[in-house]
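Visitor: Predicted coordinates and the sequence they were generated for:
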Amino acid sequence: MVEEWKWRGVPVWEHDGIICTGETYKSAVKLTFAKGASLEDPARLFNASLEGNTRRAIDLHEDDEIDEEAFKTLIRAAAALNGKPKKRKT
């Protein structure tokens, strides 16, 4: 996975495409997964941007704790999803 800086200093983590972006706000840090709607999330880490058909996000607030193993699994799944061959439209 590679961290890049795009869109006015927003960090973007990529592996065969965008995995997620990190945005800072006054009350939270938002990790937006580009293809989050296609990922399994049994630990229910996604807690924002749930209404979209493509993206999902995790809003982290001060003193929040995150399930480290579930987060690693989510990152690995996002990287694997990016590595899958794209379906061609016929």
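Guide: The structure has been received and is ready for your questions.
Visitor: Mean pLDDT per helix and strand in the chain: which one sits at the bottom?
Guide: Sorted by mean pLDDT, DSSP states H and E, the helices and strands of the chain end with strand 2-6, the least confident at a mean of 76.
Visitor: mind checking how far that strand is from the chain centre?
Guide: Its chain's C-alpha centre lies 14 Å from the corresponding centre of strand 2-6 when counted by CA atoms, centre = their mean, to the nearest Å.
Visitor: again with stretch 45-57
Guide: The gap between where stretch 45-57 is centred and where its chain is centred comes out at 9 Å by CA atoms, centre = their mean.
Visitor: for stretch 67-86, same thing?
Guide: Going by CA atoms, centre = their mean, where stretch 67-86 is centred and where its chain is centred differ by 9 Å.
Visitor: List of residues touching it?
Guide: If you take CB atoms under 8 Å, 6 or more residues apart in numbering as the criterion, stretch 67-86 is touched by 1, 15-20, 33-36, 38-43, 45. Every C-beta, even on glycine, is put in place using the N, C-alpha and C of the backbone.
Visitor: show me the contacts for I18.
Guide: I18 makes contact with V12, A34, N82, according to CB under 8 Å, 6+ apart.
Visitor: now do A48
Guide: When contacts are counted by CB under 8 Å, 6+ apart, A48 is found next to K30, R56, A57, I58, D59.
Visitor: Recalculate using a threshold of 10 Å.
Guide: Contacts for A48 (CB atoms under 10 Å, 6 or more residues apart in numbering) come out as A28, K30, L31, T32, G36, R55, R56, A57, I58, D59, L60.
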